[in-house]
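1. Give me a model of this one.
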Amino acid sequence: MIRGHVFVVNENTLPIHLKYQFVGTGAGDRDSNISLLADMLRVKEGDYIFFYIEGSENKKGRFFGIFKSKDNKVYHLKGEDAKKPNLPKKLIYRKDIEPYKVYSEGVLEFIALDKLPIYSRELLWMLIYRKMKGKRGNTMLFPWEVERLLNMIKDENNGNIITCKDGYDFDNQNFRIICGDKKYYNHGESFRLNFNKRDINSETAFQAYIMQELKIENNKYYPEIFGKNIAWIGNEVFAGAGMQKIDILTIEKADCDDILYRIIELKYVKNNNLDDIKRAPKQLEYYIKWARDDIGGHLRNAKSYNTKPILLILDKTNNILSNPENFPKDVLSEIKDLNKISYEPEIWVMDFNNNIEKIL
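-> Modelled structure (predicted):
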């Protein structure tokens, strides 16, 4: 199952990405942004990398490819180092990439996003949602979306790839990738989050840590929750034109062609206030209906028997784990009731001492 991610660039940054073969995201003048970090940690070794260059008054936006993520490492640069080498703006989170099948010409944004295909399911919904919601510099694609974008770029170039012995560059005048001189930049030591109350101090930080720990195909980080044979990972997955986003979505590949969609809602409990948890059943219900192929129709072949909702709670103060009888009975009942439209709903609670308990 193929995985891919689109990185937003411009005429000034794309040549540098191509010459030095890395991707990056930035948060203006800030040196950290946990949401951007979570997005970057989602990108795994071997994932396809596409560039989207923003349009201007004289040139239309285009999608270029195809590169691959070189490894699982993420780098965090701060201050003026985040503008190196020769960048017009700070890119604080980075990953190294390598060429896969590089095509010279890009696919126009109009063709990729606005031109209507025969079937609505062929639309690149993740990129359309990204455009509507705005300015996500690193957007994941569903496997079928990756395949469609790959084919569009291939067709635009009549299947002709460019093989450059010494690296790649970008021709701003003609808006195309060309051969150039490969350069190298040392980003420093790779970055890792630690599972403690200082690093994991919010729900988004919890999500970022999970993105860091999950592995493709042979996942050992709580496989009972996230799946063992993971084929695809998504975070902050747009689920409709509103503000709804699925915290974590994994696709687990079972025997033969069977798959299991795991829709995971995260909650970070700092004290005894469980009000946020009470929102979880309705959130999960909405995601299930958005996802199921026979209802919402956004996840291919997602049915009631292979769409699994999970509520995962990180209990900072250990109040739930030490007193599970105080867990809201209405939440327990409502999530259990989701088995009418999904597969075996579950509730898990963990703390910073690596204690974990299945409540449902």
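
2. Please make it C-alpha for all contacts and neighbour counts, starting now.
-> Noted.

3. Report the contact partners of Lys19.
-> Contacts for Lys19 were tallied using Cα atoms under 8 Å, 6 or more residues apart in numbering; they are Gly167, Tyr168, Asp169, Gly180, Asp181, Lys182, Lys183.

4. Make sure it is indeed in a helix.
-> Yes: counting by DSSP: H, G, I helix; E, B strand; the rest coil, Lys19 is located in a helix.

5. For it, which non-adjacent residue is closest in space?
-> Nearest non-adjacent residue to Lys19, counting by Cα to Cα, 6 or more residues apart in numbering: Lys182, 4.9 Å away.

6. Longest helix of this protein, counting residues only.
-> Criterion DSSP state H: the longest helix present in the chain is helix 143-156.

7. Tell me the one of the contacts of Lys19 nearest Ile263?
-> Nearest to Ile263 among the contacts of Lys19: Tyr168, at 39.1 Å, using Cα to Cα.

8. returning to what we had before: what sits against the residue nearest to Lys19?
-> Leu18, Lys19, Tyr20, Gln21, Asp166, Gly167, Tyr168.

9. of those residues, closest to Asp330?
-> Distance to Asp330 across the contacts of Lys182 (Cα to Cα) is lowest for Gln21, with 51.5 Å.

10. so that closest one makes contact with Asp96?
-> Yes: using Cα atoms under 8 Å, Gln21 is in contact with Asp96, at 6.1 Å.

11. Please identify which of the two sits among more neighbours.
-> Gln21 (25 against 21; other Cα atoms under 10 Å).

12. Name the nearest residue to the more buried one, ignoring sequence neighbours.
-> Excluding the flanking residues, the one nearest Gln21 by Cα to Cα, 6+ apart is Ile97, at 5.3 Å.

13. surely the one you found meets Lys70?
-> Yes: using Cα under 8 Å, Ile97 is in contact with Lys70, at 4.7 Å.

14. Which one's more surrounded, those two?
-> Taking neighbours as other Cα under 10 Å, Ile97 and Lys70 compare with Ile97 leading, 22 against 18.

15. can you list the domains in this protein?
-> Per the record, the chain has its domains at 4-179, 203-358, by automatic domain parsing.

16. and Ile246, how many neighbours does it have?
-> 19.

17. let's have the chain start at 30 instead
-> Got it, first residue is 30 now, which makes that one Ile275.

18. Might you report the residue contacts of it?
-> Applying Cα under 8 Å, 6+ apart, we find Ile275 in contact with Asn264, Glu265, Val266, Phe267, Ala268, Ile292, Ile293, Glu294, Tyr316.
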